[in-house]
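Asker: Got a predicted model here, sequence first, then my questions.
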Amino acid sequence: MTILVIAEHTNAALAPATLNTVAAAAKIGGDIHVLVAGSACGAAADAAGKIAGVAKVLVADNAAFAHQLPENVAPLVAELGKGYSHILAAATSNGKNILPRVAAALDVDQISEIIAVESADTFKRPIYAGNAIATVQSSAAVKVITVRATGFDPVAAEGGSAAVEAVGGAADAGKSAFVGEELAKSDRPELTAAKIVVSGGRGMQNGDNFKHLYALADKLGAAVGASRAAVDAGFVPNDMQVGQTGKIVAPQLYIAVGISGAIQHLAGMKDSKVIVAINKDEEAPIFQVADYGLVADLFEAVPELEKLV
Amino acid sequence: MKVLVAVKRVVDYNVKVRVKADNSGVDLANVKMSMNPFCEIAVEEAVRLKEKGVASEIVVVTIGPATAQEQLRTALALGADRAILVESADELNSLAVAKLLKAVVDKEQPQLVIMGKQAIDSDNNQTGQMLGALTGFGQGTFASKVEVAGDKVNVTREIDGGLQTVALSLPAIVTTDLRLNEPRYASLPNIMKAKKKPLETVTPGDLGVSTASTVKTLKVEAPATRSAGIKVKSVAELVEKLKNEAKVI
């Protein structure tokens, strides 16, 4: 049994979600190979070779893979993946974009966002926004799976010494082209990797008031998130959304400020180790999942909290 | 150009589902069903393209039980021109749905297929991408902006770090994210008119598609619940607890 893990990377560096995906592969058992498909991605490939437990790194270096366009990357993964028992990718926006295209090319079902490995063919995954957990079994020849990072503790980034092998294969399918991207620039940690997350909801009232959360976050070294209500209201961009349709986070400490606690939001953060809720409505459902609840006006409580931490 | 919109009938977004006592699934008896929220956004986008004169015809398709006609009528009331129900009482996996949609695409030859990025029941986020592989079309997933220009469509996508824009050759597939648009409500006269719009019913057999699956659900359980903790009286007490009890700051 050999498992192919699709690396999540920026060409220059490996993304942390790759380590969680390798951890899921290790739970399944068998040899682990990592595919780094990119352009001028040698640094990411070298980093992949150092991951603990990885036996081999395959590098597909081609300009067509620079921006991870699924029309180009999926045929490569399907071609290379045929001989493997499992193909795993992180359930990031990139993994979600590419892997179903791989599964259909291989004519197999995909299992999305597993949170636990029961055996080599049986997995647990959340459905209905995390209101139910399904145990599913696959009889597919190649099991194509995306992995929710918060379900698996990352393996060590150092300690391995895998052989790195260049591979060729599919290139530009000619269906799509990269036009541009606007990436949020922030000195704060990435939302899904942060140890502390401070999130704001509709109670923030407007986008400008998020400055209180940024100040608190900077004091704590935290990332800043938001509920769907805050995103829908236009306070902050969608890439800050925590929830069923946004990012799934599980930090050591999650501070929910002015968030009522809709089930869609809880689905994105209820696996956090410690949850703090600050809300002036003592009936808010967020208090049912919070370890520490503070019924207070957030505009008084947050600046005070910033001063005291 | 012709636009095909795929929609799904799912448990209403506001319903809190319960797991059945025998762990065979979730209890959907007497539960309100609606169009999947992302599919509503897909219908709205198609209607806007028609209002701009970009789309000439909107065909809406669903795969589901006979009752899924309700969601097709909703889409017709919102502005779709005609509807296709691929009737299947079984709960189908994304690959089977993508194969059925491929058969509909072959027949209808749309220039653009718009669908939701994920259904809020199975939370798979697979079908659009799978249809991309089966048709060979380019895919613009998690779209927050769609602009058709000549024989291309520019799609701005919501990605983890921000936004990415790709240009796809037509025909192409777009899957919708939340910020693409705000769906309208159907007016009463349009609901009445929708009753007279054509709705065709076919079966997977008619389309020559096998819906066999390699994945089976062994059991469905309620998630581990988190119990409520304590209420603190002041910010000072909160900070003290976080430092000394939880030891997280």
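Answerer: Cool, got the structure. Since we're looking at a predicted model, the values are computed, not measured.
Asker: Now do the helices in chain B.
Answerer: Here chain B has its helices, by DSSP state H, at B:37-51, B:69-78, B:94-108, B:127-135, B:188-194, B:235-240.
Asker: Give me the contact list for the last one.
Answerer: Contacts made with helix B:235-240 from outside it, assessed by CB atoms under 8 Å, 6 or more residues apart in numbering or on different chains, are listed as A:276, A:292, A:294, A:296, A:301, A:304-305, A:308-309, B:232, B:249. C-beta here means a position set from N, CA and C on the backbone, and glycine is covered the same way.
Asker: same check, this time on the fourth one
Answerer: Counting by CB under 8 Å, 6+ apart, helix B:127-135 makes contact with A:70-71, A:74, A:96-105, A:110, B:6, B:94-95, B:97-99, B:101-102, B:105, B:113, B:115, B:117, B:137-139, B:141, B:171, B:173-175, all of which sit outside it.
Asker: mind running it again at 6 Å?
Answerer: A:100-101, A:104-105, B:94-95, B:97-98, B:101-102, B:105, B:115, B:139, B:173, B:175 (CB atoms under 6 Å, 6 or more residues apart in numbering or on different chains).
Asker: Spatially central residue for chain B, please.
Answerer: B:Gly116 (3.1 Å; CA atoms, centre = their mean).
Asker: what residues are up against that residue?
Answerer: Applying CB under 6 Å, 6+ apart, we find B:Gly116 in contact with B:36, B:38-39, B:42, B:176.
Asker: The longest strand along chain B - what's its average pLDDT?
Answerer: The residue-count maximum for a strand in chain B (DSSP state E) belongs to strand B:138-149. Strand B:138-149 carries an average pLDDT of 97.
Asker: counting contacts, what elements does that strand pack onto?
Answerer: strand B:152-159, strand B:162-169, strand B:172-176 (3 or more CB pairs under 6 Å, 6 or more residues apart in numbering or on different chains; DSSP states H and E).
Asker: so which of those comes closest to A:Ala217?
Answerer: If you check each of those against A:Ala217 by CB to CB, strand B:162-169 wins as the nearest, at 18.2 Å.
Asker: Please name every helix or strand in contact with the closest one.
Answerer: Judged by 3+ CB pairs under 6 Å, 6+ apart, strand B:162-169 is in contact with strand A:176-183, strand B:138-149, strand B:152-159.
Asker: can I get these in JSON lines with distance to B:Leu85?
Answerer: Converted to JSON lines, the helices and strands packed on strand B:162-169 look like this (distance: least, CB to CB, whole Å):
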{"stretch": "strand A:176-183", "distance to B:Leu85": "31"}
{"stretch": "strand B:138-149", "distance to B:Leu85": "25"}
{"stretch": "strand B:152-159", "distance to B:Leu85": "27"}
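Asker: got those as a markdown table, with mean neighbour count and distance to B:Ala89 columns?
Answerer: Output for the helices and strands packed on strand B:162-169, formatted as a markdown table (neighbours: other CB atoms under 10 Å in any protein chain shown; distance: least, CB to CB, whole Å):
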| stretch | mean neighbour count | distance to B:Ala89 |
| --- | --- | --- |
| strand A:176-183 | 15 | 37 |
| strand B:138-149 | 23 | 29 |
| strand B:152-159 | 22 | 34 |
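Asker: Would you mind saying which of those strands lies nearest B:Lys216?
Answerer: Per CB to CB, nearest to B:Lys216 of the helices and strands packed on strand B:162-169: strand B:138-149, 26.9 Å.
Asker: Return the distance of the closest one from the chain's centre.
Answerer: 15 Å (CA atoms, centre = their mean, to the nearest Å).
Asker: And for it, what's in contact with it?
Answerer: Strand B:138-149 is contacted from outside by A:71, A:97, A:175-176, B:54, B:117, B:129, B:132, B:154-158, B:166, B:168, B:172-177, B:179-180, using CB under 6 Å, 6+ apart.
Asker: Can you list the strands that that strand pairs with?
Answerer: Strand B:138-149 has the following strand partners under DSSP bridges: strand B:152-159 (antiparallel), strand B:172-176 (parallel).
Asker: Not counting sequence-adjacent ones, nearest residue to A:Gln288?
Answerer: B:Ala228 (4.9 Å; CB to CB, 6 or more residues apart in numbering or on different chains).
Asker: Which residue comes closest to A:Ile114 once chain neighbours are left out?
Answerer: Nearest non-adjacent residue to A:Ile114 (CB to CB, 6+ apart): A:Phe123, at 4.2 Å.
Asker: Show me what the host helix or strand of the one you found packs onto, helices and strands only.
Answerer: Taking DSSP states H and E as the definition, A:Phe123 sits inside strand A:122-127. Under the contact criterion of 3+ CB pairs under 6 Å, 6+ apart, strand A:122-127 touches strand A:110-114, strand A:132-138.
Asker: ok, residues contacting the last one?
Answerer: Spelled out, that is strand A:132-138. Outside strand A:132-138, the residues that reach it (CB under 6 Å, 6+ apart) are A:111, A:121-127, B:19, B:26, B:214-221, B:223.
Asker: just the buried members of those residues?
Answerer: Buried subset of the contacts of strand A:132-138 (neighbour count, 16 or more other CB atoms under 10 Å in any protein chain shown): A:111, A:121-127, B:19, B:26, B:214-215, B:217, B:220, B:223.
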